[in-house]
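S.K.: got a predicted structure plus its sequence, pasted below:
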Amino acid sequence: MFKRCVLFITAIIMVVSLVACQKTPVTNSAPTDIGDGVVVYQVDSAFEEGTKVAAEVLTTGSVYERAQNAVQEEAVQFAVFEITAAKNNAAVQPNGPVKVEFPIPDGYSNNLVLYYVSESGDKELQQTTVDSAKKVVSAELSHFSTYVLVDLGEQADAPHDHSFGEWKYAPDSHWKECRCGQKDSTAPHSFGDWIVTEEATATAEGSKSRTCSVCGYSESQIIPALSHTHTFDTWKSDSDSHWKECGCGQKDTAASHNFGDWMVTKEATATAEGSKSRTCVECGYQETATIPMVTPHSHTFGGWKSNATSHWKECNCGQKDSNASHSFGDWTVTKEATESAEGSKSRTCSVCSYKQTETIPMVPHTHTFGDWKSNATSHWKECNCGQKDSNASHSFGDWIVTEEATESAEGSKSRTCSVCSYKQTETIPMVPHTHTFGDWKSNATSHWKECNCGQKDSNASHSFGDWIVTEEASTSAEGSRYRTCSVCSYKQTETIPMVPHTHTFSRTSAGLKKGKCDICGKTMPVYNLGSEIYDRPGENLWLVVNENGSYDWYYEADVNATVEDY
């Protein structure tokens, strides 16, 4: 934790500070106390006569905070000094190094360093000398600004381990530096090759830079403009002379104008000037001049002219005559004022006939409050101007039922204000409902009971009994059957498919074939298609035509047949 020091100057130093605020003028080379114990030497050689210098110890403000942020990590305690120089109320800087002594505050050790702190908050260590006997720290300063005297908290004669931080550099060398001022690794820069940053042209210089590979210092140089061949083209001119000019700015053939004769461009009259011009025969520059008006002017004043306050007559040259205030007659009302609209009046000047108009204010308004007006909460009477009167809450009577509520529909009720007759209506909720479930209802898969409000109860799948055949199926017709739910008596019906034919085939002595159904006894025609062209040689293929027009194929080996005569 760092000790933040607020430097308290003794009463004597405070008096000196007041003197410093008066900007002590530099008039001699003797040591000069410029405020808060800060002493400057040889200021007469560093500043012009009449320059005022001052010093002040800062304990608050943005400059103090910037300095504090710059040194607080290393400082046990610190004091911030602001040194300024001004001439004719403008800030100036010394023209060379100036020796400055800073007072060492009470309680500070001899292990002190002095920093310059820039406006951006960067700090720069200064070479200093500590005089313990005089209790001052002196430094050669070339810039008057913000300086911070930092107590590092060590005795001047205590052992010190140098800590060399980042590289510092000058144009010709670089080094590392301990906060005590000890330098290390001082050496000339190790520059790389030049790099062109901007090419030179015929009209402008270029630039190049190179960087030290050790410390990063960058050096720049100007590249001279390229050799240039002047090109002089068109003439340029001013009111006295003409010349030709290259794009680089070089001028050539400069000479005074060689004017021709004057040419009249506008004739002068008795009321207006004229104009004339002449042209340089070499560059074309044209000079113009005014031709004065001819012969003295006789004024002719025409009709009256006027504004809101006066009238006059005027010549076309601008000369005025008979200027005077209006002579107004009485006001004449052109529009009567009412309660809702302004009126108007006018009066006329008896000399120039200028008409002045004015507004007549609206007639004062007497409120007339008509019938009651109302909203959901209150009533009032209102004038047509918008003014309200008798504004109050409604005075409602008892509620009157206009429609009774039921189990399936809401009802309604109303009440009326006894003052303005405003009617308020409200809804009466439906009567609470008790479900009544009647007979069973059903569909193909389930059954349930249902209230007239739509609520369902006892919903379940059917509990069917055995199927009962109502009509047997045959080979020529379908049959039917049904089964009944034992809970809700729902009857489910189904179709029984027709019984298929079962044929027994017989062979005739002539080799023909017939089929006879074992169930219905009907015979079916059978056709022998032979065996030569089919995939089972030696076996005849038979085509059996069914009763419904379809047909089946049979090989001889597949036919269960006996030879019979028909």
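M.R.: Alright, I've got the coordinates.
S.K.: show me where pLDDT drops low in this structure?
M.R.: Of all residues in the chain, those with pLDDT under 70 make up the ranges 1-30, 42-45, 154-160, 179, 501-566.
S.K.: just list whatever residues bridge to the nearest residue to Asp233 once chain neighbours are set aside.
M.R.: Spatial nearest neighbour of Asp233, chain neighbours left out: Lys244 (6.8 Å); criterion: Cβ to Cβ, 6 or more residues apart in numbering. C-beta here means a position set from N, CA and C on the backbone, and glycine is covered the same way. Taking DSSP bridges, one finds Trp235, Asp252 as the beta-bridge partners of Lys244.
S.K.: go ahead and confirm Phe437 touches Cys453.
M.R.: No - taking Cβ atoms under 8 Å as the definition, Phe437 is not a contact partner of Cys453, at 10.4 Å.
S.K.: which one's more surrounded, the two?
M.R.: Shown here are Phe437 and Cys453; by other Cβ atoms under 10 Å, Phe437 has more neighbours (15 against 11).
S.K.: break this structure into its domains for me.
M.R.: 11-154, 395-431, 460-499, 503-563 (automatic domain parsing).
S.K.: the residue nearest to Asp233 touches Lys251, doesn't it?
M.R.: Yes - using Cβ under 8 Å, Lys244 is in contact with Lys251, at 7.2 Å.
S.K.: strands paired with the strand or helix carrying Arg347, and their directions?
M.R.: Using DSSP states H and E, Arg347 sits in strand 343-348. Using DSSP bridges, the strands paired with strand 343-348 are strand 332-335 (antiparallel), strand 355-360 (antiparallel).
S.K.: mind giving me JSON lines with those and columns for distance to Pro188?
M.R.: JSON lines is the format used below for these (distance: least, Cβ to Cβ, whole Å):
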{"stretch": "strand 332-335", "distance to Pro188": "99"}
{"stretch": "strand 355-360", "distance to Pro188": "92"}
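S.K.: buried set for the strand holding Arg347?
M.R.: By neighbour count with 16 or more other Cβ atoms under 10 Å, strand 343-348 contains the buried residues Gly343, Lys345, Arg347, Thr348.
S.K.: look up the residues forming beta bridges with the second one.
M.R.: The partner list for Lys345 in beta bridges (DSSP bridges) reads Val333, Glu358.
S.K.: show me where this protein has helices.
M.R.: Using DSSP state H, the helices found in the chain span residues 11-20, 43-46, 62-71.
S.K.: so what's Asp131 up against?
M.R.: Listed by Cβ atoms under 8 Å, 6 or more residues apart in numbering, the contact partners of Asp131 are Val137, Ser138.
S.K.: against Asn111, how distant is it?
M.R.: 14 Å (Cβ to Cβ, to the nearest Å).
S.K.: next: Asn323.
M.R.: According to Cβ to Cβ, Asn323 and Asn111 sit 91 Å apart.
S.K.: now Asp466
M.R.: Taken as Cβ to Cβ, the span from Asp466 to Asn111 is 117 Å.
S.K.: same check, this time on Ile360
M.R.: Ile360 is 92 Å from Asn111, by Cβ to Cβ.
S.K.: do Gln221 as well
M.R.: Distance, Gln221 to Asn111, by Cβ to Cβ: 43 Å.
S.K.: higher neighbour count, the two?
M.R.: Neighbours per residue, other Cβ under 10 Å: of Gln221 and Asn111, the larger number sits with Asn111, 19 against 11.
S.K.: angles on the backbone of that one, please.
M.R.: phi -90, psi 80 (degrees, to the nearest 10).
S.K.: name the single longest strand found in the chain.
M.R.: strand 77-87 (DSSP state E).
S.K.: what about the residue positioned nearest the centre of the chain, distance to Arg66?
M.R.: With distances taken as Cα atoms, centre = their mean, the residue of the chain nearest its centroid is Ser120 (30.8 Å). Distance, Ser120 to Arg66, by Cβ to Cβ: 9 Å.
S.K.: could you do Glu73 as well?
M.R.: 14 Å.
S.K.: the two: who's more crowded?
M.R.: Arg66 (19 against 7).
S.K.: so who does the more buried one touch?
M.R.: Val117, Glu119, Gly121, Thr146.
S.K.: can you do 10 Å?
M.R.: Counting by Cβ atoms under 10 Å, 6 or more residues apart in numbering, Arg66 touches Val80, Val117, Ser118, Glu119, Ser120, Gly121, Asp122, Lys123, Thr146, Val148.
S.K.: for PyMOL, write the selection for the buried entries among those residues.
M.R.: Buried subset of those, written as a PyMOL selection, criterion 16+ other Cβ under 10 Å:
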select buried, resi 80+117+123+146+148
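S.K.: among the contacts of Arg66, name the ones in strands.
M.R.: Counting by DSSP E, these place Val80, Val117, Lys123, Thr146, Val148 in strands.
S.K.: make JSON lines out of those and add distance to Ser446.
M.R.: Formatted as JSON lines, those follow (distance: Cβ to Cβ, whole Å):
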{"residue": "Val80", "distance to Ser446": "96"}
{"residue": "Val117", "distance to Ser446": "94"}
{"residue": "Lys123", "distance to Ser446": "93"}
{"residue": "Thr146", "distance to Ser446": "96"}
{"residue": "Val148", "distance to Ser446": "96"}
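S.K.: may I ask which two of these are separated the most?
M.R.: Greatest spacing in the ones in strands among the contacts of Arg66, by Cβ to Cβ: Val80 and Lys123 (11.8 Å).
S.K.: pretty sure Thr332 is touching Gly343, no?
M.R.: No - Thr332 sits out of contact with Gly343 when judged by Cβ atoms under 10 Å, with a separation of 11.6 Å.
S.K.: ok, the nearest residue to Thr288 once chain neighbours are set aside - contacts?
M.R.: In space, and not counting its chain neighbours, Thr288 is closest to Ser277: 4.6 Å by Cβ to Cβ, 6+ apart. Residues near Ser277 by Cβ under 10 Å, 6+ apart: Phe259, Gly260, Trp262, Met263, Val264, Thr265, Lys266, Gln286, Glu287, Thr288, Ala289.
S.K.: which among those residues end up buried?
M.R.: Neighbour counting with 16+ other Cβ under 10 Å marks none of those as buried.
S.K.: of those residues, just say which sits nearest to Ala477.
M.R.: Among the contacts of Ser277, and counting by Cβ to Cβ, the member closest to Ala477 is Gln286, at 126.2 Å.
S.K.: partners of the closest residue to Val469 other than its chain neighbours in the sheet?
M.R.: Residue nearest to Val469 in three dimensions, not counting chain neighbours: Arg481, with 4.7 Å by Cβ to Cβ, 6+ apart. As for beta bridges, Arg481 partners with Val469, Glu494 under DSSP bridges.
S.K.: follow-up on the earlier one: report the two of the contacts of Arg66 separated the most.
M.R.: Checking those with Cβ to Cβ, the most distant pair is Val80 and Ser120, at 16.3 Å.
S.K.: list residues touching both of Thr332 and Gly343?
M.R.: Between them, Thr332 and Gly343 share no contacting residue, judged by Cβ under 10 Å, 6+ apart.
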